[in-house]
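Enquirer: generate coordinates for the sequence data below:
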Amino acid sequence: MHTTNELLDLVKSRHALPSDYKLGLVLGLSHNAVGHYRKGRTCLDDRVSIKVAELLDLDAGYVAACMHSERASDDTIKALWSRVAFTLERSTAAALAVILSVVLLTPGESQASASVCSAGEYPLTCAVPLSIHCGY
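Expert: Residues are numbered from 1 along each chain as shown. As a prediction, the model looks like this:
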């Protein structure tokens, strides 16, 4: 699970942003807002969580769940959001593994198979052939 500062650092690193000022510009935030995030006064709101998820190619639900867990003051609520984040992170990773195995192991059919996947709801569903062709 990621924290606010970890996510902000990942965005800076991935997009070669030299400062929190530039990070704020990319996220549509004031320098003061970024400072509040950095000092732990606030966590990313849902709108910023979605933007961060897009910039990092992460599931927006996962990022939002991480932020809800971080801001929760009650241990039960924190644990609930942590489980949601963990579940979304694992299901996203598993779905990507399935898609990559289909794309890499199915010659000729891989582009068509990968294009019929739907991430509109969980779990991820794909209309792909069940047989895998290894090329020999």
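Enquirer: which residue ranges of this protein form strands?
Expert: With strands called from DSSP state E, the chain shows them at 117-118, 125-126.
Enquirer: quick one: which of these has the weakest pLDDT on average?
Expert: Of all those, mean pLDDT reaches its minimum on strand 125-126 (a mean of 45).
Enquirer: where does the chain have low pLDDT?
Expert: Scanning the chain for pLDDT under 70 picks out the ranges 92-136.
Enquirer: what ranges does it have for its helices?
Expert: Taking DSSP state H as the test, the helices found in the chain are 4-14, 20-27, 31-38, 46-56, 60-71, 75-105, 110-115.
Enquirer: kindly reformat the ones you listed as TSV containing mean neighbour count.
Expert: C-betas here are computed from N, CA, C, even on glycine. Converted to TSV, the helices of the chain look like this (neighbours: other C-beta atoms under 10 Å):
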stretch	mean neighbour count
helix 4-14	16
helix 20-27	17
helix 31-38	16
helix 46-56	17
helix 60-71	21
helix 75-105	14
helix 110-115	13
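Enquirer: residue contacts, Leu44?
Expert: Thr4, Leu7, Tyr37, Val52, Val63, Met67 (C-beta atoms under 8 Å, 6 or more residues apart in numbering).
Enquirer: any idea how far it lies from Leu27?
Expert: Computed as C-beta to C-beta, to the nearest Å, the Leu44 to Leu27 distance reads 9 Å.
Enquirer: okay, and the common contacts of the two?
Expert: In contact with both Leu44 and Leu27: Val52, using C-beta under 8 Å, 6+ apart.
Enquirer: circling back: what is the most widely separated pair among the contacts of Leu44?
Expert: Taking C-beta to C-beta, the two most distant members of those are Tyr37 and Val63; they sit 13.2 Å apart.
Enquirer: residues in contact with the spatially closest residue to Arg14 that is not a sequence neighbour?
Expert: Using C-beta to C-beta, 6 or more residues apart in numbering and skipping the chain neighbours, the partner closest in space to Arg14 is Leu56 (6.2 Å). Residues near Leu56 by C-beta under 8 Å, 6+ apart: Leu7, Leu10, Val11, Arg14, Val63.
Enquirer: these into a markdown table, with extra columns for distance to Lys78?
Expert: Shown next, in a markdown table, are the contacts of Leu56 (distance: C-beta to C-beta, whole Å):
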| residue | distance to Lys78 |
| --- | --- |
| Leu7 | 17 |
| Leu10 | 22 |
| Val11 | 24 |
| Arg14 | 27 |
| Val63 | 16 |
